[in-house]
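Participant: Pasted the sequence and its predicted model underneath.
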Amino acid sequence: MIEDSQPVPSTSASTSKVPNSAASRAPNSSSSRAPNSRAPISSSKEDDPDSLVRRLAGPSAGKAGLATDQSDINRIIAEASKGSKFYENEKRKDKDLTERIDKILKLRDEVTRGVDLAKVEAGVDALLTELEGKRDLSQTIVHVDMDAFYANVELLDNPSLKGKPFGVGHGVLTTASYDARKFGVRSGMAGFIAKKLCPELIFVKNHFARYSEMSKKIMAVFQRYDADMCPMSCDEAYLNVTGYCKEHGITAEECVSEMRAKVEEETKLTVSAGIAPNKMLAKNKPNGQYCLPFEREAIMDFMNKLSIRKIPGIGRVNERLLESIGIKTCGDIYIHRAVVSLMDKQFGLHFLIQTYLGIASNVVQPHAREERKSIGAERTFNTLGDKEKLLQKLEEVAQELEDDMEHSGWTGRTVTLKYKLDTYQVFTRARSCDRWVNKKEELFKLGKELLLPELPLKLRLIGLRVTKLKDLRAEDSVAGIKRFFEPAKAEDEGSNKKRKLDGSPQVHGASAEVLQEAMPGFHEDNDADMVEYPEDDDGAVDEDVFTPASPSKKPKSKAHSSRTSKPALLAEQECPICGKTMEVDNQGLNDHIDFCLSRDVILQAQTEASVEGRPASKRKNKR
DNA sequence: GCGGATCAC
DNA sequence: TATGGTGATCCGC
């Protein structure tokens, strides 16, 4: 199996601005712009820069294939945002990034001056050959994800929504139905913006308990095809079906067709799948659906046209940085390999070359509990400036965190306070201590010590996170408890080592617990296209991903009328998630479960990057 | 060890 | 008229 390689792009640079200048030699190629769009006709010069308009469209905007007329939609979004603090913050970030790019370009000019690029390219070609030798086409990796998961579950439960544009979620949408997506409505979009794009838009509440229920069914199906399947969220997973196909004497396509049919049969929900020799290719669903020939040529050809933004680890920032040196597609990486090589620190040569070759990790393993690095809670609220009120928010967050840590069995040594100003700027303040912390009073006290010196501030978010974790369920509980009372010192790290690869079974933990832990966080994702998968590339259109917020706990709730319609049927019920018992009716229990699911749970997942190289990003930013 | 940044989901 | 939450990683100090 191939381990992913390295770091990725990153940034950094010196300062100042630079008139692009020579550049290596920007060959036209795809790096040049679409002829149409960029006419200098940008009438109003004080218009938002193109980069800002794109930024305001949200993280998902660039990721999906989206129609080419996206610019109109972006305009509307930018217009609706204008003047808000959110907008100003985005503008600031866009400006900072633009400056950062100027520095990079200047650095590039310095670094390439008088250099024999052909020679540099020759060196890269040697690396290329070396990496090519590591190509592994022996494994059959599948990436599956549900089509518009939340929206389709809602559709299942409320058929009258069929054919109508609707969004799931309140202030911010967790999902947009296909009919809403036609208007440019996306998950993660603020409700009022969505309404502007689509006045007819219907808002539907989230029903997390339902999604969880369906998710379990789906995952159970996937697991039949790969016991080591790795769930990435409630509607997405990677599988290695090499063994299954061999055992049953079937092809990957047959296997996946069958699996998809099973999911649909058992849940009435549809699932998209990509089959390829590694995770990156599978996720990009070559040809929209299904298989890409497991051959070097086909893979190289596919990669050549693939937008750099589709590569995991390349987000909006890295996309712009790479674009600034002429790299928009993976094929462009080769064209500009000399510059990438000379600026390895900034861009990550190894990672990019691997990406160009279409080589990535093909290791699929579920995430182990002991890989967890942190646990936290945070809450957004209407801007507050009053000290007492802020402390109250902090206390609430501390309580939530305690509940979570207790429920999941963790304690830790370092507490980090996070706060967001009303300007949307984010800051963190941390403190490590000598004892293990997981109780509300401790969390609150430490948080307070970190927050008070910063006041006065006007905040819109407060969060707490604990790191340097110790697993209170590791080993036998006796040792775990014993340690809890011992002074926190570096030695114990044993519990956090990865013992996952030694084949030992998943330690113990109640089966219910294990199941819960395996349940990934919730978020809606991907556009899975509203169409059939086109023949040509550009088939699959991954869009964005949005993890739902916890249910808004209306702090104000004046005229709350809930009392008026309290149904009968009250009964002592136990929440399957947190175990708490309460006297409620079914609706009440459901609401509580929704609450639990939305804030609690949370996958241990995610740690995959540390196991297989990740394309992380390294940036380097001053200030 | 801390703080800022970027990213995935 | 209200632009999320959880977790990870990397870099520079």
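Facilitator: On my side now, so go ahead. Numbering: from 1, shown residues only, chains lettered A, B, ... in the order given.
Participant: Could you report the distance from the closest residue to DNA strand B within the stretch 251-400 of chain A to A:Cys234?
Facilitator: Using Cβ to the nearest atom of the strand, the closest approach of the stretch 251-400 of chain A to DNA strand B is made by A:Gly315 at 2.3 Å. C-betas here are computed from N, CA, C, even on glycine. Distance of A:Gly315 to A:Cys234, given as Cβ to Cβ, to the nearest Å: 22 Å.
Participant: same question, A:Ser71
Facilitator: In terms of Cβ to Cβ, A:Ser71 sits 33 Å off from A:Cys234.
Participant: what's the answer for A:Arg369, then?
Facilitator: 18 Å.
Participant: who does the helix or strand hosting A:Met232 touch, helix- and strand-wise?
Facilitator: According to DSSP states H and E, A:Met232 maps onto strand A:230-233. If you count contacts as 3 or more Cβ pairs under 8 Å, 6 or more residues apart in numbering; DSSP states H and E, strand A:230-233 packs onto strand A:236-240.
Participant: Do the strand it packs on and DNA strand C come into contact?
Facilitator: No. For a cut-off given as Cβ under 7 Å from any atom of the strand, strand A:236-240 has no contacts with DNA strand C; the smallest distance is 12.7 Å.
Participant: is it true that A:Met405 touches A:Asn438?
Facilitator: Yes. Using Cβ atoms under 8 Å, A:Met405 is in contact with A:Asn438, at 4.3 Å.
Participant: got the residues of the stretch 251-400 of chain A near DNA strand C?
Facilitator: Residues of the stretch 251-400 of chain A lying near DNA strand C by Cβ under 7 Å from any atom of the strand: A:345, A:371-380, A:382, A:400.
Participant: A:Ser71 and A:Cys234: who's more crowded?
Facilitator: The neighbour comparison of A:Ser71 against A:Cys234 (other Cβ atoms under 10 Å) goes to A:Cys234, with 28 against 15.
Participant: How much space separates that one from DNA strand B?
Facilitator: Per Cβ to the nearest atom of the strand, to the nearest Å, A:Cys234 is found 8 Å from DNA strand B.
Participant: again with A:Thr416
Facilitator: From A:Thr416 to DNA strand B the distance is 6 Å (Cβ to the nearest atom of the strand).
Participant: A strand includes that residue, no?
Facilitator: Yes. Under DSSP: H, G, I helix; E, B strand; the rest coil, A:Thr416 sits within a strand.
Participant: That one: what's it in contact with?
Facilitator: A:Gly376, A:Thr428, A:Arg429, A:Ala430, A:Arg431, A:Leu464, A:Arg465, A:Val466, A:Thr467 (Cβ atoms under 8 Å, 6 or more residues apart in numbering).
Participant: Please, a PyMOL command that selects the buried ones among the residues you listed?
Facilitator: To isolate the buried subset of these in PyMOL, counting by 16 or more other Cβ atoms under 10 Å, use the following:
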select buried, chain A and resi 376+464+465+466+467
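Participant: residues in contact with A:Ser51?
Facilitator: Taking Cβ under 8 Å, 6+ apart as the criterion, A:Ser51 is in contact with A:Asp94, A:Leu97, A:Thr98, A:Arg320.
Participant: Generate TSV for those, with secondary structure as supplementary columns.
Facilitator: Output for the contacts of A:Ser51, formatted as TSV (three-state DSSP):
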residue	secondary structure
A:Asp94	helix
A:Leu97	helix
A:Thr98	helix
A:Arg320	helix
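Participant: For those, give me TSV that also has pLDDT, distance to A:Ala61 and neighbour count.
Facilitator: Formatted as TSV, these follow (pLDDT from 0 to 100; distance: Cβ to Cβ, whole Å; neighbours: other Cβ atoms under 10 Å):
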residue	pLDDT	distance to A:Ala61	neighbour count
A:Asp94	96	14	20
A:Leu97	97	16	20
A:Thr98	97	18	15
A:Arg320	97	13	20
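Participant: what's the most distant pair in these?
Facilitator: Spatially, the most separated pair among the contacts of A:Ser51 is A:Asp94 and A:Arg320, at 9.3 Å (Cβ to Cβ).
Participant: So which bits of the stretch 251-400 of chain A are right by DNA strand B?
Facilitator: Residues of the stretch 251-400 of chain A lying close to DNA strand B by Cβ under 7 Å from any atom of the strand are A:Lys283, A:Ile311, A:Pro312, A:Gly313, A:Ile314, A:Gly315, A:Arg316, A:Val317, A:Asn318, A:Glu319.
Participant: Of those, which is the nearest to DNA strand C?
Facilitator: Checking these against DNA strand C by Cβ to the nearest atom of the strand gives A:Gly313 as the nearest, at 9.3 Å.
Participant: Run through chain A and note the low-pLDDT ranges.
Facilitator: A:1-47, A:62-69, A:287-290, A:476-623 (pLDDT under 70).
Participant: what about 80?
Facilitator: For chain A, the stretches flagged by pLDDT under 80 are A:1-48, A:60-70, A:286-291, A:475-623.
Participant: Please list only the buried members of the residues of the stretch 251-400 of chain A next to DNA strand B.
Facilitator: A:Lys283, A:Ile311, A:Pro312, A:Gly313, A:Ile314, A:Arg316, A:Val317, A:Asn318, A:Glu319.
Participant: Mind checking which of these land in helices?
Facilitator: Among these, the ones falling in helices (DSSP state H) are A:Lys283, A:Arg316, A:Val317, A:Asn318, A:Glu319.
Participant: rewinding a little: tell me the residues that contact both of A:Met405 and A:Asn438, please.
Facilitator: Counting by Cβ under 8 Å, 6+ apart, the contacts common to A:Met405 and A:Asn438 are A:Thr411, A:Gly412, A:Val466.
Participant: what secondary structure does the last one sit in?
Facilitator: Okay, so that is A:Val466. strand.
Participant: Next one: it relative to A:Leu390, how far apart?
Facilitator: For A:Val466 relative to A:Leu390 (Cβ to Cβ), the value is 20 Å.
Participant: Then the first one?
Facilitator: Spatial separation of A:Thr411 from A:Leu390 under the definition Cβ to Cβ is 26 Å.
Participant: and which of the contacts of A:Thr416 is nearest DNA strand C?
Facilitator: Of these, the one sitting nearest to DNA strand C (Cβ to the nearest atom of the strand) turns out to be A:Gly376, at 3.9 Å.
Participant: Run a quick check on the closest one versus A:Leu464, I expect a contact.
Facilitator: Yes. If you go by Cβ under 8 Å, A:Gly376 and A:Leu464 touch, sitting 6.0 Å apart.
Participant: Mind listing the shared neighbours of those two?
Facilitator: What both A:Gly376 and A:Leu464 touch, as defined by Cβ under 8 Å, 6+ apart, is the set A:Leu401, A:Thr416, A:Lys418.
Participant: From the structure, what's the count of residues near A:Glu130?
Facilitator: 10.
Participant: Could you report the separation of it from DNA strand B?
Facilitator: Between A:Glu130 and DNA strand B the distance is 26 Å, computed by Cβ to the nearest atom of the strand.
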